[in-house]
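Participant: Pasting the sequence and the predicted model now:
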Amino acid sequence: MKTTRFAPSPTGALHLGNLRTAVLNALVARAAGGRFLLRIDDTDSARSEERFVEAIRDDLRWLGLAWEGEARQSERLARYEAAAERLREAGRLYPCWETEGELALMRRALLNARKPPVYDRAALRLTETEKAALAAERPPHWRFRLEDRAMEWEDGILGPQRIAASAVSDPVLIREDGQFLYTLCSVVDDAEMAVTDVVRGADHVTNTATQIQIFEALGARPPRFAHHALMTGPGGEKLSKRAGALSVASLREAGVEPAALLSWLARSGSSRPVEPVWSVAEAAADFDLSAFSPAPSQASAEEIAQLSAKMLREAPWEAVAARAPEGVTEPFFTAVRPNLDRLEDAADWLRIAKGAPAIIAPEDADFVAEALAFLPPRPWDETTWREWTEAAKAKSGRKGKALFLPLRRVLTGRSHGPDMGAFMPFLER
């Protein structure tokens, strides 16, 4: 069974790039009838916040992404320690004592010499006496010793990948303060949770190369990997959790339809056009991960808003019923739907239906007074507007805008809006 996961860190609000990773993983699982897991990467206790954990869950639920299992990495520290001990015993995890400043100088020297800034494994050349002296001063960080061979995989988006271990530094798996880092935690979790497919950003390609060796060192089979292009902001800038304009929460607050955002994320960055879908199941029915391009894609709040309005104006009642403003019924929604940009706009039309101040231009006052005199009695139905305006036309000789606009304004206080034939039955005053 295919099993995918979304593993966000709760250090800020999800942005569109984060959410696209969740959507792609969910669609890979759903398309195969598999499982989609949520894993909260909260080992960084200093930066992780519970409010962001709840916000992540809310964002996923709002979009319609359900998950079959959930785990928190902060509750699995014993599993990471056990894996680290196995790697130590196998001679693959070794202690290092270089400071950040020393490592920065080393990287600068290598770059100046036009060499790759790869860690030189100086810690492996220390004597036991030297190690003891350094350990007495400060705790070590721990690196995974890569075997000197190429790391290869068939990427689901990028195609065949090959990275030589000699071009990559031995990754740090445990910091000086004892914090387990993503590179180890992700491998342990993916192996123990039987994750078969991982879709993530292209910035993780080097991580994937090193993690393949960690999987193998722990006796586990690596999952299939696919790396999607990173999403950028309107100006080509990198998306950030601290830049809220393209956060999921901000789009939701702006009234974007969740189905529109799902539709956009399921196709944006691929060779296939964005088409409206109303559920995750519908998006998964013809999902094709291989259609995604390795070229960066640009996030556009304006494009998403336009798609949202278009879909809302064609939405079936079932798609909005649970979120409709109080008092909005299916017949009322159907009447005002063609004029909605956001679902919340239906509440504005409901207020207008209950009684809006009339607008009467001085030059239209006599015409309006005369027309109101023969306004048909209630109840009004879909034929009332046509019958009334035909009578007003015959009486006044007016036609077109000069006929319809003053009558719309006196009933709704607006110069534009829903088809009056459909809207008039809901007018209370």
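Facilitator: Received, thanks.

Participant: Which positions in stretch 340-358 come out as buried?
Facilitator: With burial defined by 16 or more other CB atoms under 10 Å, the residues of stretch 340-358 counted as buried are 340, 342-343, 345-346, 348-350, 352-353, 356. All C-beta spots, glycine's among them, are computed from the backbone N, C-alpha and C.

Participant: ok, now stretch 51-60?
Facilitator: 52-53, 55-57, 59-60.

Participant: ok now it, how far from the chain's centre?
Facilitator: In terms of CA atoms, centre = their mean, to the nearest Å, the centre of stretch 51-60 is found 11 Å from the chain centre.

Participant: Just the mean pLDDT for it, thanks.
Facilitator: What stretch 51-60 shows for mean pLDDT is 95.

Participant: Now the element after the biggest helix by length in the chain, going C-ward?
Facilitator: The residue-count maximum for a helix in the chain (DSSP state H) belongs to helix 16-31. The C-terminal neighbour of helix 16-31 among helices and strands, as given by DSSP states H and E, is strand 35-40.

Participant: got a list of contacts for the very next helix or strand once past that next one?
Facilitator: Per DSSP H and E, the first helix or strand lying C-terminal to strand 35-40 is helix 50-63. Here helix 50-63 makes contact (CB atoms under 8 Å, 6 or more residues apart in numbering) with 6, 8, 10-14, 19, 22-23, 38, 40, 42, 67, 248-249, 252, 258, 261-262.

Participant: swap the cut-off to 10 Å and go again
Facilitator: 6, 8-14, 18-19, 22-23, 26, 36, 38, 40, 42, 49, 65-67, 70, 72, 241, 247-249, 251-252, 258-259, 261-262, 265, 280, 323 (CB atoms under 10 Å, 6 or more residues apart in numbering).

Participant: Could you tell me the angle between that helix and strand 35-40?
Facilitator: Between helix 50-63 and strand 35-40, the angle comes out at 160 degrees (axes from the mean of the first three to the mean of the last three CA atoms, to 10 degrees).

Participant: now the angle from helix 50-63 to helix 16-31?
Facilitator: Using the same axes, to 10 degrees: helix 50-63 against helix 16-31 is 50 degrees.

Participant: C-alpha coordinates for the helix or strand following helix 50-63, PDB please?
Facilitator: As assigned by DSSP H and E, the chain's next helix or strand after helix 50-63 is strand 69-72. Extracted in PDB, the C-alpha atoms of strand 69-72 (Å, rounded to 0.1, in the frame of the first residue of the first chain):
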ATOM      1  CA  GLY A  69      -2.500   8.800  11.200                       C
ATOM      2  CA  GLU A  70      -0.700  11.500  13.100                       C
ATOM      3  CA  ALA A  71       2.600  11.600  15.000                       C
ATOM      4  CA  ARG A  72       4.700  14.100  16.800                       C
END
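
Participant: Any buried residues in strand 69-72, and which?
Facilitator: So for strand 69-72, counting by 16+ other CB under 10 Å, buried means Ala71.

Participant: With stretch 223-231 instead?
Facilitator: Of the residues in stretch 223-231, those with enough neighbours to count as buried (16+ other CB under 10 Å) are 223-229, 231.

Participant: Using CSV, lay out these together with distance to Ala31 and pLDDT.
Facilitator: Formatted as CSV, these follow (distance: CB to CB, whole Å; pLDDT from 0 to 100):
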residue, distance to Ala31, pLDDT
Pro223, 16, 98
Arg224, 14, 98
Phe225, 17, 98
Ala226, 13, 97
His227, 18, 96
His228, 16, 94
Ala229, 20, 91
Met231, 21, 85
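
Participant: In strands, which of those residues appear?
Facilitator: Of these, the ones assigned to strands by DSSP state E are 224-228, 231.

Participant: okay if I get these as CSV plus distance to Phe367?
Facilitator: Putting those into CSV (distance: CB to CB, whole Å) gives the following:
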residue, distance to Phe367
Arg224, 72
Phe225, 71
Ala226, 66
His227, 67
His228, 61
Met231, 55
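
Participant: of the residues you listed, closest to Ala136?
Facilitator: Nearest to Ala136 among these, counting by CB to CB, is Phe225 at 41.6 Å.

Participant: related to what we said a few turns ago, among the ones in strands among the buried residues of stretch 223-231, which pair sits farthest apart?
Facilitator: Checking those with CB to CB, the most distant pair is Arg224 and Met231, at 22.0 Å.

Participant: how many other residues sit next to Ala109?
Facilitator: By other CB atoms under 10 Å, 11 other residues sit near Ala109.
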